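Peer 1: no sequence for this one, just the structure:
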């Protein structure tokens with residue numbers, strides 16, 4: 001993982017205490033596209049499982065993630081795809 005993904009991991013862990021957190025750098029799939037940078041770390045997908053999402057709809061969950069990653073989304077991260085689940089919704093736990 002690179003610096004941006006490491007920061008994202010730390011911030012999401014601190015903000016949402018996830019039971020599971022996976023971050024994938026998808027930048028290599030976007031070479032030549034808008035927002036792609038040399039060296040990657042511009043396009044990410046993540047899966048996060050947290051009790052903090054209990055009772056929240058998909059948009060509210062994504063807003064929590066966006067708030068935690070505000071600095072990254074304003075700068076180095078061009079695109080972020082996310083799957084947000086509660087522990088009860090996660091079939092892998």
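Peer 2: Structure's in. What do you need? These figures come from a predicted structure and were not determined experimentally.
Peer 1: The most centrally placed residue in the chain sits in which helix or strand?
Peer 2: Central residue of the chain (C-alpha atoms, centre = their mean): residue 46, 4.3 Å from the mean position. Following DSSP states H and E, one finds residue 46 within strand 43-49.
Peer 1: partners of that strand, with directions?
Peer 2: strand 20-25 (antiparallel), strand 79-85 (parallel) (DSSP bridges).
Peer 1: May I see the buried residues of the first one?
Peer 2: This points to strand 20-25. Within strand 20-25, the residues scored as buried using 16 or more other C-beta atoms under 10 Å are 21, 23, 25. Heads up, the C-betas are built off the backbone N, CA and C, glycines and all.
Peer 1: burial measure for residue 4, as a count.
Peer 2: When neighbours are defined as other C-beta atoms under 10 Å, residue 4 has 20 of them.
Peer 1: so it makes contact with residue 41?
Peer 2: Yes: using C-beta atoms under 8 Å, residue 4 is in contact with residue 41, at 4.2 Å.
Peer 1: Between those two, which contacts overlap?
Peer 2: 76, 77 (C-beta atoms under 8 Å, 6 or more residues apart in numbering).
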